[in-house]
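Trainee: what follows is a predicted structure for the sequence shown.
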Amino acid sequence: MTSFTSNPGSPLFIFQSRASLAMRAASDICLPRTNAFWLPETNFPITVLSLFARSFDAILYKENAEARSLALEKQLNRYASTSLSAELTGLTAADKEALKLLVKAATIMDKIFYVQVWYSNPSLRDWLKENADKSQLDKLKWMYYVINKSPWSCLDENEAFLTTADSAIKLLPKATKPVPGWKGFEYRTAFPAVKPPGASFYPPDMDKMEFNLWKDSLQQDKQEEAMGFFNVIRRHSESLSEDSISHKMGNVTSSPQDLYVVPYSQEYNSLLAEAATLLRKAGDMTSSSSLKRLLYSKADAFLSNDYYDSDIAWMELDSKLDVTIGPYETYEDALFGYKATFEAFIGVRDDEATAQLKLFGDQLQVLEKNLPLDDIYKSENVTAAPIRVIQLLYNAGDVKGPQTVAFNLPNDERIVKDRGTSMVMLKNVSEAKYELIFLPFLFKLILKPIANVCIMKEQRELVDFDSFFTHTICHECCHGIGPHTITLPNGQKSTVRLELQELHSSLEEAKADIVGLWALRFLMDKDLLPKSLAKSMYVSFLAGCFRSVRFGLEEAHGKGQALQFNYLFEKGAFILHPDETFGVDFEKVEDSVASLSREILTIQARGDKEAAKTLLQKYGVMTPPLKRALEKLETVQVPVDIVPDFSIANQILCDIN
C-alpha cells in the first residue's frame, strides 16, 4: 500500500487507499482536487486519487444550502449590529492625522491574531471572503466567520460552524520530481473539528507532558522564557511554512529536546515591522508627549520583544487620543494560559467620566487590606490603578465574539508587582450592551430582554445601568488586588498564572467579578458609595450572570460566571421561583459573596491547581436551573451581544485603500 504523510500541523493528511480515503472523507479532511501529485517514496505520480477525490464531490460537498443558511442566520441573530462612534472635536488636527495611521496599524494586529488562532486561518479567511458573493449561504458563512475570526463559534463552546466544503483551496505548483505536463495540485485547508487548545503557539502534536519535560530540562532563565508571554514554541525537526509542504512529506519523529523558543519579534517579523513603522509615523505626528512616548516605545517593543517600557508608557498615557496595542490577553492559549494574543483598542478619552471614577483607583490598598483573605497573603504595596474611560473608535485582533466593555492591563506580573495595573472602560460599548440586553426596546411591540424574562417581577425594576456599569468598573479594579506574585508552601516564588495554568483565566475572571461585588458592599459600608445601590447591584449582577453564561462555558468569563451563579444558588443567595424566574435573597447574598471570594482568593494565594480544578468542575458547569434560564432566553431571541460597526474607522480604511 502506497502512502504519504504530511508533517504534523500541515493541512495535508495521510492518503493510503480508496478505503482509507472514504473513511477520511467522512471525517472532514482535505482532498486533492486537480492533477497528480508526486509520492517521493515511490517515484511515480498518482492520478487516481485526483479522479477518486472528484468522485466524492457530490457526496462530500453536497449540502442542504437552505438548512445551513437557516442555522447560520440563527447563530448570527444572537448578535445585534450596533454603530459605535465618538466625538472627534476634542482631538487636535495632528492627532486626527495620527489616528489614520493608528487604525491601519490596528488592522495588522488582526492579521497576526488570525495566525495565532490557527496556522491556516488566514488562508481560510481569504477563501471565505473571496467566495462571499457567490450565494446567500456563502455570505452568511463569511459574516459569521468575521465575528468569530475562526471556523469555531465562540457562543457554542467553540464548535465548528463550517464544514469541509467551506475549506480554503491552495494551489501547490512545485513537485519533488519533474513531471511532464505538471500544473500542480490543489489541496483544501481542512481545519480540525476540535479547536486546537494550544492555538498556533505550540507544535500541533505537542502535549503538556512533552512541554514540561523539555521545560524542566532547561536552566531557570530559559524556563521563564519558555513560559513567557511573548514567544511561541517550535520544533527543530519541522517547518510550519505552508510553502514547504510539498517538500516535506516524510514522517517526523521528535523528542522533548526538539522544542525551542521563537520570540514574537521573529515569528511575526514582517507584520510587526510594518506596524512599528506606522506607530513611529503616528508618534511623529501626535501633539501629545505621552502618546508620542507610548507609540515610540511600542514600536521598539515590536522589534525587540521587550514590552516592559512600552507597558509602563501605556499605564502613564495622558492623551485625548487613547491607544492600546500589542500582545496582552492569554485566553487563546487553552493549553497553559501562557501566550499572549495581539489586540488593539483606539478611542477618545471621556474626561468627565474619567474624573468620576477616580474613587475606585484610590481605594485599592484599602480594599486589599480588608479582603476576605488571611492577612499573610495580602500585599502591602498595592498601587492605585489609573482609570481611563473612552469612547471606542476601533478595535482589532483578539476581539472576537462577545465584545469586552473594559480591560485591566498589563498582565505581566513584573509590572503588576512594581506598578500595579491600569484600567480602560469602553463607555459606548457598555451603553450599547445595556440598551440591547437589559432595557426593553421597541421592535413592533416591546421586546422583553433578560431581566424581564429571568428576574422575578418584584425585583425586575432594580436592574439598572448604573449598577451594571459600576460593577464593571469594580470588576476591572479587582484584577489589580488579591494574589499575583505568590510564595508556594515549599518557599518557592511563583505567580498565580504559572501555577494555575489553563485554569487561571476562568478563576481570575470569577475572582474579579465576585470580589468586585464584595468591594462595592465594602465601599457602601464606608459611605463611599450610596447604600441605595445595594439591592440593584445584586439583582443586576444576577441578570448579568445569564448574559455572560451565554458566551459559552469554554470562554473564561462564561465559565467564571457559571461558577458564581451555581455557588450562590447552592447557598440560597439566588432563588428559583415556581414561575421559573430568579430572585436575590438579600439576607444571604452578602455572606455568600464573601465566602466565595475567600475560597477563590485562597486558592490563588496558595497556587493550588487541584483545588481550582475541583471548584470549577463542581460549579463551572451548566446546571439545570442555569440551563432552564438560557432556554427561556432562546424562546424570546434576546441578543447575546453586539457586533460593533465603526463608522469613523471604516471611512478611514476606505480612504486608505
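Mentor: Great, that's in hand. Numbers count the residues shown, from 1 in each chain.
Trainee: okay, CA-based contacts and neighbour counts for the rest of this
Mentor: OK.
Trainee: where does this structure dip in pLDDT?
Mentor: Low-confidence segments of the chain (pLDDT under 70): 1-63, 175-176, 239-256, 436-448, 657.
Trainee: so where do the strands sit in the stretch 251-400 of the chain?
Mentor: 259-263, 321-327, 342-349, 387-397 (DSSP state E, counting those that start in this stretch).
Trainee: ok, and what's touching stretch 146-154?
Mentor: Residues from elsewhere that reach stretch 146-154 (CA atoms under 8 Å, 6 or more residues apart in numbering): 114, 117-118, 121, 125, 145, 158-162, 191, 195, 400-402, 551-552, 555, 643.
Trainee: from the chain's centroid, how far away is that stretch?
Mentor: 11 Å (CA atoms, centre = their mean, to the nearest Å).
Trainee: same deal with stretch 78-85?
Mentor: Its chain's C-alpha centre and that of stretch 78-85 lie 19 Å apart, by CA atoms, centre = their mean.
Trainee: these two touch, right, residue 601 and residue 483?
Mentor: Yes. Under the criterion of CA atoms under 8 Å, residue 601 makes contact with residue 483 at 6.9 Å.
Trainee: who has more neighbours, the two?
Mentor: The neighbour count for residue 601 versus residue 483, taken as other CA atoms under 10 Å, is higher for residue 601 (25 against 22).
Trainee: skip the chain neighbours and tell me the closest residue to residue 223.
Mentor: Leaving aside its chain neighbours, residue 223 sits nearest to residue 215 (5.5 Å; criterion: CA to CA, 6 or more residues apart in numbering).
Trainee: now do the helices in the stretch 151-300 of the chain.
Mentor: Counting by DSSP state H, counting those that start in this stretch, one finds helices in the stretch 151-300 of the chain at the ranges 208-216, 220-226, 264-267, 269-285, 289-304.
Trainee: just give me the longest helix of this protein.
Mentor: In the chain, with assignment by DSSP state H, the single longest helix is helix 93-117.
Trainee: check which helices and strands it sits against.
Mentor: Counting contacts by 3 or more CA pairs under 8 Å, 6 or more residues apart in numbering; DSSP states H and E, helix 93-117 packs against helix 121-130, helix 269-285, strand 321-327, strand 342-349, strand 387-397, helix 647-656.
Trainee: repeat that for 7 Å
Mentor: Here helix 93-117 touches helix 121-130, helix 269-285, strand 342-349, strand 387-397, going by 3 or more CA pairs under 7 Å, 6 or more residues apart in numbering; DSSP states H and E.
Trainee: re earlier: please, a PyMOL command that selects the buried ones among the contacts of stretch 146-154?
Mentor: In PyMOL, a selection of the buried entries from the contacts of stretch 146-154 looks like this (16 or more other CA atoms under 10 Å):
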select buried, resi 114+117+118+121+125+145+158+160+161+162+191+195+400+401+402+551+552+555+643
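Trainee: can you lay out the strands of the stretch 251-400 of the chain as CSV showing distance to residue 285 and mean neighbour count?
Mentor: Converted to CSV, those look like this (distance: least, CA to CA, whole Å; neighbours: other CA atoms under 10 Å):
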stretch, distance to residue 285, mean neighbour count
strand 259-263, 30, 18
strand 321-327, 12, 24
strand 342-349, 16, 24
strand 387-397, 19, 24
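Trainee: cool, thanks, talk later.
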